[in-house]
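Participant: Quick check, what structure comes out for this input:
(chains A, B, C and D)
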Protein chains: 4
Amino acid sequence: MSFKLPQYKEPDFEQAFLKNAPNVKTQKVVKEGVAPDNYHGTTIFPEYFKINGNWVLAKESRMDCVVVVKNDNEVEIKEFRNLKVGENVVVGRTEDASEGIYVYTEGFKGEEDVDETFAFRSGRSRETAYSKDYDDLYDVLRHEKENGYIVWVLGPAAVFDKDAREAMASLIDNGYVHAFLGGNAVATHDLEAGMFGTALGQDIYTQKSMKDGHYNHLDLLNKARRAGSIEKLLEQENITDGIIHACVKNNVPVVLGGSIRDDGPLPIVISDVYKAQNEMRKHTRKATTVICLATQLHSIATGNMTPSYTVVDGKVRPVFIYSVDVSEFAVNKLRDRGTLEVKTIVTNVQDFLVNLKNNLVK
Amino acid sequence: MSFKLPQYKEPDFEQAFLKNAPNVKTQKVVKEGVAPDNYHGTTIFPEYFKINGNWVLAKESRMDCVVVVKNDNEVEIKEFRNLKVGENVVVGRTEDASEGIYVYTEGFKGEEDVDETFAFRSGRSRETAYSKDYDDLYDVLRHEKENGYIVWVLGPAAVFDKDAREAMASLIDNGYVHAFLGGNAVATHDLEAGMFGTALGQDIYTQKSMKDGHYNHLDLLNKARRAGSIEKLLEQENITDGIIHACVKNNVPVVLGGSIRDDGPLPIVISDVYKAQNEMRKHTRKATTVICLATQLHSIATGNMTPSYTVVDGKVRPVFIYSVDVSEFAVNKLRDRGTLEVKTIVTNVQDFLVNLKNNLVK
Amino acid sequence: MSFKLPQYKEPDFEQAFLKNAPNVKTQKVVKEGVAPDNYHGTTIFPEYFKINGNWVLAKESRMDCVVVVKNDNEVEIKEFRNLKVGENVVVGRTEDASEGIYVYTEGFKGEEDVDETFAFRSGRSRETAYSKDYDDLYDVLRHEKENGYIVWVLGPAAVFDKDAREAMASLIDNGYVHAFLGGNAVATHDLEAGMFGTALGQDIYTQKSMKDGHYNHLDLLNKARRAGSIEKLLEQENITDGIIHACVKNNVPVVLGGSIRDDGPLPIVISDVYKAQNEMRKHTRKATTVICLATQLHSIATGNMTPSYTVVDGKVRPVFIYSVDVSEFAVNKLRDRGTLEVKTIVTNVQDFLVNLKNNLVK
Amino acid sequence: MSFKLPQYKEPDFEQAFLKNAPNVKTQKVVKEGVAPDNYHGTTIFPEYFKINGNWVLAKESRMDCVVVVKNDNEVEIKEFRNLKVGENVVVGRTEDASEGIYVYTEGFKGEEDVDETFAFRSGRSRETAYSKDYDDLYDVLRHEKENGYIVWVLGPAAVFDKDAREAMASLIDNGYVHAFLGGNAVATHDLEAGMFGTALGQDIYTQKSMKDGHYNHLDLLNKARRAGSIEKLLEQENITDGIIHACVKNNVPVVLGGSIRDDGPLPIVISDVYKAQNEMRKHTRKATTVICLATQLHSIATGNMTPSYTVVDGKVRPVFIYSVDVSEFAVNKLRDRGTLEVKTIVTNVQDFLVNLKNNLVK
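Facilitator: The predicted structure is shown next:
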């Protein structure tokens, strides 16, 4: 395998504008969950803050947050709502070190593409050639399986089809999934398939609607609520396949964030969405690769929490993020909402999952 | 105005199969939030339950819920999660009165369309002729303004454009909106526009990106959180236009359900999604017309809570539900998730709102 | 392999309404390309015409055409524009034998799906489970390779990607393609890839834009026009891979219909669209399976020419037709334009082609 | 009205690199329709060619063509297929005057937008604010009505709806349409609506399917073919409304290019697509504004023929081009195929046309 992680080039801190930059200024939080007026807001890029004469890199960053200085030598990137009274928030809206804040976008820059006045096909769409993106992704995943932390984000479409559901379970079984994020729907329909062979009452192989099939997901939810936990449900209903089963079997953490669309919900679903964000971010803090399939809501939520880089064993490396959906609008929206480095693939996630299984699982 | 509300034709309870039907059976709830195994699940259609020899209609219904018998002469339609120990839940999965449960789908049936073996264009899409749907909707809204309860459900796209935002505010000012449902985003960007003239940093008229514009929605949220309420924010920041301002001015209730995508959030947002559902349903219980624009999440959530009929002054009448989106998939998904009676319009909601204002507001 | 061709059940001509039906009436064509006023228009279904007391089945049918009686014992299905003065056109707009015209839609009817008042997910979309459709298609193609006539219809997206282009070429090499229909674009970009490794100047593997790459397709076209034929072009420019090369190598007929979008065009392209239709129909007359990928124009054109049945060795059998596109609207439009029996798959055709190759080619 | 045409800033030909540039080189055509190998291919931008020491601007340009020098002092931009033996074709693939070819992209450059490292919403989509685009377009059309040449390109969706069809007819009646380009479908269904009130058998107001409605467009086509011309058809069938009727009444030229999808076709349709291109280009040569609605095929065809500038009364001015469709992919594809300056609006063309009528027609 020829895969090589792109090397991060640290800023040269001996450059005058960095060397001579002042320390950051901070202001104290006076009301829970509210930042001082001139707070600095974070981006997806590596940001350095000068504290006591040293440039300190934000680890476990995310965009649209504020920067809290801790212990005079480190920074924590926090959501506004999590600010506590008395915390010291970095202020200043420059990015060029003039206020001790340096947003560094060149760390992974390589050679450029040809840029011409007149060219065709600048965007990514259904007409983009995806062969190399697939090949690269296979390499990435083989590498990350051992050396990274792969976070998956799935919408329900990924479990509406038998082959896709089996492919995903097999990727879990083979170590390609370190955390599973989703909502009530993907888990409910996966478990519905495990119990009835259907999703929303429709057979996930033959497409036939079962008689009274619209009861299936309600029955599943009701039984799950009676069981009180996913583990007990799997046992009591003898569910032995599918994605949730594979996660439980392989101790892959599952975070299901609630939404106003939910029936049920399953007992595991987190009803407070900001608590759900906190749980999700526990995984995006560690993420080295994030793969988002067929869900705008969960993809954008996760994308918002995912920086373009992370620090592993003291070294800065990129975080790879993929968004796969059959709609250009859905994959592009992630970028429009600030996740600028996302790699988008426009296809049906069923085929995407089967491709991955075919190429990664022997 | 020629508008006439479709007449509901009550079932003829003298028919033998109804007259001779047994009373419903019920079973008691033994665990909070869990139904007995053979519970009856509701649809969007009028359902009658035989109790003590009388056929009792479910009022304020919604699909995928259970039926609780109260006081031996009425029924309440409840979500599973809201079931209390000891409540009597109707059991039985027939719909033909044979177990005292009658699902009645013929109440508003009129003449049929021509049905032929070979025909073109059976679905609804961008190619459907919408002139009459618009004309009908204008009639519906003029009627409902005085005689109904119009619930609006908006996604953020509705406030990304100046004319659309003004059109919506003007519909509120003129009495066409009785409740406003949405999420953190639509309200945040509406207020951002009120304060900065932008949405996500982009001018809602000129489309120009403001310098440091990506701070605008964060600043708005931070100020809102400091103010502690929408009302105080409007006052302190002197916001005098837009949708939220119009709702506050006209005492139109606003329900904002949280989601895992939210920044902030605004102080008014309900962080627990099931509490948010309960608040939303307070309005869908009363709704006579529901209009859903440019949001899959909130549209499907609201659609799930909206039955095809309601009871006003003792009379059964239809609930009209519209879903408007530029994507066929988005509007059709509402139907695929069980909201079978929805009228879909495939267009940009900006134009839709301007059309409504042009035709309804002098 | 378990594949079995659905059996056609002939109408029982002993039924009174068929036995007693009158002979068809005809009227003569008096102006070239114009039918008599009350002409009978064809559908996609098997249609029988009573001539001299015998029920005669239309062979090689297509919809929206007229029926010409020949030799008093057979019928030909002709486009209006191809009518000749003096031909005898069947008149009458009934389908129930009362005028000697019988449209028979029950020939392949099997058991029905469950039909319920309240159900989810009735349409086909990105959320449909496609595993079985794929499995069935593999079976169909293995059968048709030896026993049928498989017509492919491709848009340019199918050659914009290296793996997809190779997969298609390999299906041709392995006997799964009996005729190839398309336009100037798919052939031009396939040949551009063969010569430059690009499509519209973009590398079909690395996605990199070549310097002056926008000249590539123009150069290809110019060289092709100089060469005067595809065969000479392949030889002179030493093109040894791709779809067109595979067609030439394997003597698979290629029909390229012109369009007003065309640059060039290639020498093989038919500039008169109605002559192009005639050439295309030569293949749809023989078709037993039609697969349309990523082109609305050519798919609907071909769909219009493809009946739901054909006659092979004196036996009526179904014609299978598939439409694959990443857009629901595109695949559904085929159905909306009268190709009612089409099986639609919503995905990126790149993945579709790779799936087929993986499963059909060893 | 505040509308001002952007001023064109001529290149300063006194600059050394222009002044000292050599004359262009040319090579003779030796085979009909084939350019010499090193031909120069045109873009959408103003291009100057040095001939006998003078910089000569290409008038009536279009992209992807070649440049023929005439009379030693002018150039003609020709499609490859239209090259004649002996014509002198400009060779050279530079754009910087070094070979006497200067592609000038700065003629209409104004002030730039803010450009930041981190920003949201860079593309155009359903979420773009279109109010100002509409306002600008109204200004443009009021100006062009008297001072320009407005070319419209319509797909059939524009006539599937009563209000949209009437709006378009009214724009024609009021002088906002100088040429009408389309295909067989848009004209057929417009005339079907004029004769039967339907499009493809469906009432364009009530949406009801007429009995035997699938015969309507076939009947219309058959009658048109019998009549032999549109004018006679209008008279014989007493068609007094709609788009084609308005064009005929107001002497607006209509060009209908054939396609392989066509039924019929109407007698006016040009069956040879390259002759159709020639006819279309007669209008794009004169065009100052082009508006493309709901047709990928005709929009891209026309876009390909439309340069970013034209020369009116000896002055260079921009050509405005709009593409309106409910699908982002459709409008973006025009740009991806080289029409870089197109302004895209994502909405249903029905609403777009009604908006224009409301704002332009009293």
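
Participant: Give me the neighbour count for the closest residue to chain D within the stretch 201-350 of chain A.
Facilitator: Using C-beta to the nearest C-beta, the single residue of the stretch 201-350 of chain A nearest to chain D is residue A:336, 4.7 Å away. Every C-beta, even on glycine, is put in place using the N, C-alpha and C of the backbone. By the criterion of other C-beta atoms under 10 Å in any protein chain shown, residue A:336 has 18 neighbours.

Participant: same check, this time on the one 5 residues further on
Facilitator: The local packing of residue A:341 (other C-beta under 10 Å) involves 17 other residues.

Participant: For it, list the residues it contacts.
Facilitator: A:44, A:308, A:318, A:321 (C-beta atoms under 8 Å, 6 or more residues apart in numbering or on different chains).

Participant: now, which of the residues you listed lie within strands?
Facilitator: Among the contacts of residue A:341, the ones falling in strands (DSSP state E) are A:318, A:321.

Participant: what's the farthest-apart pair in the contacts of residue A:341?
Facilitator: Within the contacts of residue A:341, A:44 and A:318 form the most distant pair, 10.8 Å apart (C-beta to C-beta).

Participant: Need the overlap of contacts for those two.
Facilitator: Common contact partners of residue A:44 and residue A:318 (C-beta under 8 Å, 6+ apart): A:308, A:341.

Participant: And the two? Which one has more around it.
Facilitator: Shown here are residue A:44 and residue A:318; by other C-beta under 10 Å, residue A:44 has more neighbours (25 against 18).

Participant: What residue, apart from its backbone neighbours, is nearest the spatially most central residue of chain A spatially?
Facilitator: Chain A has residue A:302 as the residue nearest its centroid, 4.0 Å off, counting by C-alpha atoms, centre = their mean. What sits nearest to residue A:302 in space, not counting adjacent residues and going by C-beta to C-beta, 6 or more residues apart in numbering or on different chains, is residue A:153, at 4.8 Å.

Participant: so that neighbour sits in a helix?
Facilitator: No. Using DSSP: H, G, I helix; E, B strand; the rest coil, the secondary structure at residue A:153 is strand, not a helix.

Participant: so it touches residue A:292, yeah?
Facilitator: Yes. Using C-beta atoms under 8 Å, residue A:153 makes contact with residue A:292 at a distance of 4.2 Å.

Participant: Now do the shared contacts for these two.
Facilitator: A:298-299, A:302.

Participant: Tell me the one among these nearest to residue C:236.
Facilitator: Checking the shared contacts of residue A:153 and residue A:292 against residue C:236 by C-beta to C-beta gives residue A:299 as the nearest, at 49.0 Å.

Participant: Who are the contact partners of the residue nearest to residue A:302?
Facilitator: Contacts for residue A:153 (C-beta under 8 Å, 6+ apart) come out as A:181-182, A:290-293, A:295, A:298-299, A:302.

Participant: Enumerate the positions of stretch A:43-52 that are buried.
Facilitator: Using 16 or more other C-beta atoms under 10 Å in any protein chain shown as the test for burial, stretch A:43-52 gives A:43-51.

Participant: quick one: contacts for residue A:305?
Facilitator: Residue A:305 makes contact with A:62, A:277, A:280-281, A:284, according to C-beta under 8 Å, 6+ apart.

Participant: Please name the spatially closest residue to it (chain neighbours excluded).
Facilitator: What sits nearest to residue A:305 in space, not counting adjacent residues and going by C-beta to C-beta, 6+ apart, is residue A:284, at 4.2 Å.

Participant: Wait, that neighbour touches residue A:303, no?
Facilitator: No. Look at residue A:284 against residue A:303 with C-beta under 8 Å: they stay out of range, at 9.2 Å.

Participant: Give the residues shared as contacts by these two.
Facilitator: The contact sets of residue A:284 and residue A:303 overlap at residue A:290 (C-beta under 8 Å, 6+ apart).

Participant: Outline the domain layout of chain A.
Facilitator: Residue ranges for each domain of chain A read A:16-103, A:131-360, as given by automatic domain parsing.

Participant: where do the strands sit along the stretch 101-250 of chain A?
Facilitator: Ranges of strands in the stretch 101-250 of chain A, per DSSP state E, counting those that start in this stretch, are A:101-103, A:150-154, A:179-183, A:198-199, A:202-203.

Participant: Would you mind putting these into a markdown table with mean pLDDT alongside?
Facilitator: Output for those, formatted as a markdown table (pLDDT from 0 to 100):
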| stretch | mean pLDDT |
| --- | --- |
| strand A:101-103 | 97 |
| strand A:150-154 | 98 |
| strand A:179-183 | 98 |
| strand A:198-199 | 96 |
| strand A:202-203 | 95 |
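
Participant: Show the model's pLDDT score for residue A:106.
Facilitator: Predicted confidence (pLDDT) for residue A:106: 89.

Participant: give me the number of residues near it?
Facilitator: Residue A:106 has 9 neighbours, counted by other C-beta under 10 Å.

Participant: nearest residue to it other than its sequence neighbours?
Facilitator: The nearest residue in space to residue A:106 (C-beta to C-beta, 6+ apart) is residue A:9, at 7.1 Å.

Participant: quick one: that neighbour and residue A:290, what's the gap?
Facilitator: Residue A:9 is 23 Å from residue A:290, where distance means C-beta to C-beta, to the nearest Å.

Participant: now swap in residue A:73 and tell me
Facilitator: Per C-beta to C-beta, residue A:73 is found 29 Å from residue A:290.

Participant: These two: who's more crowded?
Facilitator: More crowded of residue A:73 and residue A:290, by other C-beta under 10 Å: residue A:290, with 26 against 10.

Participant: Wait, a strand at the more buried one?
Facilitator: Yes. Assessed by three-state DSSP, residue A:290 belongs to a strand.

Participant: Quick one: residues contacting it.
Facilitator: Residues in contact with residue A:290 (C-beta under 8 Å, 6+ apart) are A:150-153, A:284, A:302-303, A:306, A:319-322.

Participant: partners of it in the sheet?
Facilitator: residue A:151, residue A:321 (DSSP bridges).

Participant: Quick check: pLDDT value at it.
Facilitator: pLDDT for residue A:290: 97.

Participant: Against residue A:284, how distant is it?
Facilitator: As for residue A:290, its distance to residue A:284 is 7 Å (criterion: C-beta to C-beta).

Participant: overlap in contacts of these two?
Facilitator: Counting by C-beta under 8 Å, 6+ apart, the shared contacts of residue A:290 and residue A:284 are A:151, A:302, A:306.

Participant: thinking again about what came up before, with respect to burial, which of the domains of chain A scores highest?
Facilitator: Mean neighbour count (mean count of other C-beta atoms under 10 Å in any protein chain shown) peaks for domain A:131-360 among these, with a mean of 22.
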